[in-house]
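sequence first, then the predicted structure, then my questions.
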Amino acid sequence: MKKLLAVIFVLVYSVSVMLTGCSTSGSSGETSAASGSDQGSAAKSGEDKFVVGFIPMTLNNEYFITMVNGAKQKAAELGVELNVQAGDQHASAADQLTIVENMITSGVDAICIVPSSSEGLAVALKKCKDANIPVINLDTKLDESVLKEAGVTVPFYGTNNYEGAKSAGEYVKANFKAGTKTAILTGIAGQQNAADRRDGFIKGAGDAINVVAEQSANWEVDQGYAATQNILTANPDIELVYAGNDGMAIGAVRAIKEAKKESQVKVIGFDGTSEALNMIESGEMYASVAQFPAEMGILGVENALKLIKGEKVEESTDTGAKLILPENVKEHQEYCKKYAE
């Protein structure tokens, strides 16, 4: 009798183990199936995260650091891994192209890019398309001809640069005398935002300005400084410098201070970086058209994840611009603090 009971116990225990094993195997199979779903909501299992490649024009500019910090905050909130890389200079087109190609090779799930140039990017965009890697364009719009050549549609999130610059020009028209002798510092030749910031300002200012000098300084502080030195030598009686970004404007302020013409020449920039805001507060800079780069970074990551999951996104979003003067500078300084490192 005891032997019979022992045999029954062993049989019951074995069946129990087998059933438990089948149950565990079934659960793992369901998780694996979910990981491979077409919707992408659980496309990576375990602790794997979606990886978004984030390529600003450079990280040697507070404007792009603010953009990246906004993107990092949103990535952390959504559980996305952010791979941030950039060239040393705003005009590092070759470096940026290499970064894009390396990200494709490493297998990122999506790419957000602020293109330093459209040159060469058609090939990279085609490679992204072939690898099913969605791309989002931030801040500086890619040429339509490049998108057409690559055969892709790329969402754009950034400032309406023409309207932002126009608002600065309209303020000049309302507050400066007609024919104010003006120098203009432009960004990288061929970039749409550089052209829009120039053209919008000129349109808004109308006959309030007499443009006596215009020079590209490629968005760089040192080039803005050197260009302004040259302009002051050739045109010692200029009264206004309008720069297409705050970096060039800061360089212009330095050159003007060295020439001891602070009381004669006013400087207007574009971006609303903290250094420019501090200069507006102290009276060293007259104004700046503030953008909201953190919003671009946030929208980029948020919509990159949607594209990874096969969801629809807005094709274009204007993230806004605001003319900053001494009377409203404190408000924008508080905004910038939220995204400072």
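Yes, it's here.

check contacts around Ala194.
Thr186, Gly187, Ile188, Ser216, Gly244 (CB atoms under 8 Å, 6 or more residues apart in numbering). The C-beta positions use only the backbone N, C-alpha and C, and glycine is treated the same way.

and what of Ala304?
Listed by CB under 8 Å, 6+ apart, the contact partners of Ala304 are Val52, Val80, Asp109, Ala110, Ile111, Cys112, Pro134, Ile136.

selecting buried members of the contacts of Ala194 in PyMOL, what would you type?
Only the buried entries of the contacts of Ala194 go into this PyMOL selection, using 16 or more other CB atoms under 10 Å:
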select buried, resi 186+187+188+216+244
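
which stretches of this structure form strands?
Taking DSSP state E, the strands of the chain run over residues 51-55, 81-84, 110-113, 135-138, 156-158, 180-186, 209-216, 240-243, 266-271, 287-291, 316-318, 321-324.

next, format those strands as a markdown table and append mean pLDDT and distance to Lys166.
Below are the strands of the chain laid out as a markdown table (pLDDT from 0 to 100; distance: least, CB to CB, whole Å):
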| stretch | mean pLDDT | distance to Lys166 |
| --- | --- | --- |
| strand 51-55 | 97 | 29 |
| strand 81-84 | 97 | 32 |
| strand 110-113 | 98 | 26 |
| strand 135-138 | 97 | 22 |
| strand 156-158 | 97 | 16 |
| strand 180-186 | 98 | 14 |
| strand 209-216 | 98 | 13 |
| strand 240-243 | 98 | 12 |
| strand 266-271 | 97 | 12 |
| strand 287-291 | 97 | 9 |
| strand 316-318 | 96 | 13 |
| strand 321-324 | 97 | 10 |
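
make a markdown table out of those strands and add distance to Leu125.
What follows is these, written out as a markdown table (distance: least, CB to CB, whole Å):
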| stretch | distance to Leu125 |
| --- | --- |
| strand 51-55 | 13 |
| strand 81-84 | 18 |
| strand 110-113 | 9 |
| strand 135-138 | 6 |
| strand 156-158 | 13 |
| strand 180-186 | 26 |
| strand 209-216 | 26 |
| strand 240-243 | 31 |
| strand 266-271 | 27 |
| strand 287-291 | 25 |
| strand 316-318 | 17 |
| strand 321-324 | 27 |
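
which among those strands is found nearest to Tyr335?
Closest to Tyr335 of the strands of the chain is strand 287-291 (CB to CB; 8.2 Å).

list the buried residues in that closest one.
Buried, per 16+ other CB under 10 Å, within strand 287-291: Ala287, Ser288, Val289, Ala290, Gln291.

quick one: contacts of it?
63, 139, 159, 164-165, 167-168, 171, 246, 249, 268-273, 276-277, 280, 319-325, 332.

and if we set it to 7 Å?
When contacts are defined by CB atoms under 7 Å, 6 or more residues apart in numbering, strand 287-291 is touched by residues 159, 164-165, 167-168, 246, 249, 268-272, 276, 280, 321-325, 332.

do you have the helices of this structure handy? List them.
For the chain, helices defined by DSSP state H occupy the ranges 2-35, 62-78, 93-106, 121-130, 144-150, 161-175, 192-205, 221-234, 246-258, 274-282, 293-308, 329-337.
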